[in-house]
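S.K.: let's see this in three dimensions:
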Amino acid sequence: MIRAGRQHLVRTLADLAAQRGVGIDRYAHLKPYEAEGFPAPVSSEGSRTRLYDGEQVDAYLLGKPVPPLPEADDDGDLLDRRECAALLGVAPNSWDIYKRDPALTKVRVEAGGVDHWPRHAVKAFQAGRPGRAAAATRGGRPTRTGDQVPRDQVPALTAELLDADPTISAATVTAQLGVHRDTAQDALTRLRTDRIADHIEAHPTLTPAEAAAQLGYPAGQVRRATARAETVLRARRAAPYLTDVATALHRAGWTTEQAAPDVQFPGDDRVVAALVLDGDQAPAPALVWDERYGWRTAASRRHPITKGAVLPSEGGDVRYLSGGVTPPPGDVVTALTP
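M.R.: Down below sits the predicted model:
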């Protein structure tokens, strides 16, 4: 976490590389931050982005004693998603849902390119969480009516119920939230999928079925979630590469924003990602990555990913790029350059 009043001292690996006068790739190869005595990251364990306290790093580089960080918790401390989830006693993916609460979106702080929230705001949210009892007061779903809970609230409320009872069924969610059975089943599957994937990342030797069992999920309720978890894990491993390609396309001027690719899981068993090329000189409307074959161009910005498992035929605005499944980002740009 970033201790209260120290946000201005946060440094990323890129900052440390610049401080040493080398590129980030060279710095990551040398890994000086793994040397004995180098200050520990202030980012949570398992975070993809390492953050450091600049005062500690400067002292280390000067050969001076590294000053300790404050040990006592402060309401002004900034917590990342894992730390927020830990404070609430839920999985990180539950926090990804809770953070949409307007009270939390207003106080979100970006430090080193990573979202953080003040401890006091997380504690206030925790005190006001509706919990299982509040959800139960909503009653069942009347016959021949639509969902009684707005769709955007269903994931958070379902997460509350799953936190309280890992064995909860879609029928129970339907009864307690007053939503359609399909809505409840989809929310449960997505939540359990992400939590199984989180648990495997923390314990890599586990199979999806073993992770589900350790989380308390009944085997008969999670067949789809365990299968989908394997796909989600592959997507997470591919995420840094896809982000690097998105960055290269933005630098080439073919995307107006450096946005992460839109990842989808058609049929739950494969990873597909799309990048809309909205720059004035973009060589195609969109670019699609499929873990089976790599990159191709797409004819539509609105619907770049086609339905079904059949690959779209080449021709018109559809062209498959050579170079394998994960060609270097620079090679993708070169292949697209007119």
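S.K.: how many residues are close by residue 25?
M.R.: Residues near residue 25, counting by other C-beta atoms under 10 Å, number 9. Yep, even glycine has a C-beta here, placed from its N, CA and C like the rest.
S.K.: helix/strand/coil for it?
M.R.: Secondary structure, DSSP: H, G, I helix; E, B strand; the rest coil: residue 25 is helix.
S.K.: how near is residue 302 to residue 274?
M.R.: According to C-beta to C-beta, to the nearest Å, residue 302 and residue 274 sit 10 Å apart.
S.K.: which of these two has more neighbours?
M.R.: residue 274 (19 against 8).
S.K.: which residues touch that one?
M.R.: 261-262, 264, 286-289, 298, 304-305 (C-beta atoms under 8 Å, 6 or more residues apart in numbering).
S.K.: just give the nearest non-adjacent residue to it, would you?
M.R.: residue 304 (4.3 Å; C-beta to C-beta, 6 or more residues apart in numbering).
S.K.: now do the contacts for the one you found.
M.R.: Contacts of residue 304 by C-beta under 8 Å, 6+ apart are 274, 276, 285-288, 298.
S.K.: TSV please, covering the contacts of residue 274 and showing pLDDT and distance to residue 217.
M.R.: Rendered in TSV, the data for the contacts of residue 274 read as follows (pLDDT from 0 to 100; distance: C-beta to C-beta, whole Å):
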residue	pLDDT	distance to residue 217
261	82	29
262	81	28
264	86	24
286	91	37
287	92	37
288	93	33
289	94	31
298	90	37
304	86	34
305	83	29
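S.K.: buried ones among those?
M.R.: The neighbour-count criterion (16 or more other C-beta atoms under 10 Å) marks 261, 286-289, 298, 304-305 among the contacts of residue 274 as buried.
S.K.: farthest pair within those residues?
M.R.: For the buried ones among the contacts of residue 274, with distances taken as C-beta to C-beta, the pair at the greatest spread is 261 and 298 (12.4 Å).
S.K.: in helices only, show me the contacts of residue 274.
M.R.: Residues of these located in helices (DSSP state H): none.
S.K.: from those, which two are the most distant?
M.R.: Across those (C-beta to C-beta), the longest gap, 14.0 Å, separates 264 and 287.
S.K.: how about the secondary structure of residue 126?
M.R.: helix.
S.K.: report the contact partners of it.
M.R.: 87-88.
S.K.: what about 10 Å?
M.R.: 84, 87-90, 98 (C-beta atoms under 10 Å, 6 or more residues apart in numbering).
S.K.: tell me which entries of these lie within helices.
M.R.: Here DSSP H is the test, and the contacts of residue 126 give 84, 87-88, 98 as lying in helices.
S.K.: now for these, which sits with the most neighbours around it?
M.R.: residue 84 (28 neighbours).
S.K.: quick check: that one touching residue 93?
M.R.: No: checked against C-beta atoms under 10 Å, the pair residue 84 and residue 93 is beyond contact range at 11.7 Å.
S.K.: so what's residue 88 up against?
M.R.: Residue 88 touches 94-95, 98, 122-123, 125-126, 129, 163, counting by C-beta under 10 Å, 6+ apart.
S.K.: swap in residue 89?
M.R.: So residue 89 contacts 126, 163 (C-beta under 10 Å, 6+ apart).
S.K.: circling back: adding distance to residue 37, write the contacts of residue 274 out as TSV.
M.R.: Formatted as TSV, the contacts of residue 274 follow (distance: C-beta to C-beta, whole Å):
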residue	distance to residue 37
261	39
262	43
264	45
286	48
287	45
288	47
289	41
298	50
304	49
305	49
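S.K.: how many neighbours does the closest residue to residue 163 other than its chain neighbours have?
M.R.: Spatial nearest neighbour of residue 163, chain neighbours left out: residue 90 (5.3 Å); criterion: C-beta to C-beta, 6+ apart. Counted with other C-beta under 10 Å, residues neighbouring residue 90 total 20.
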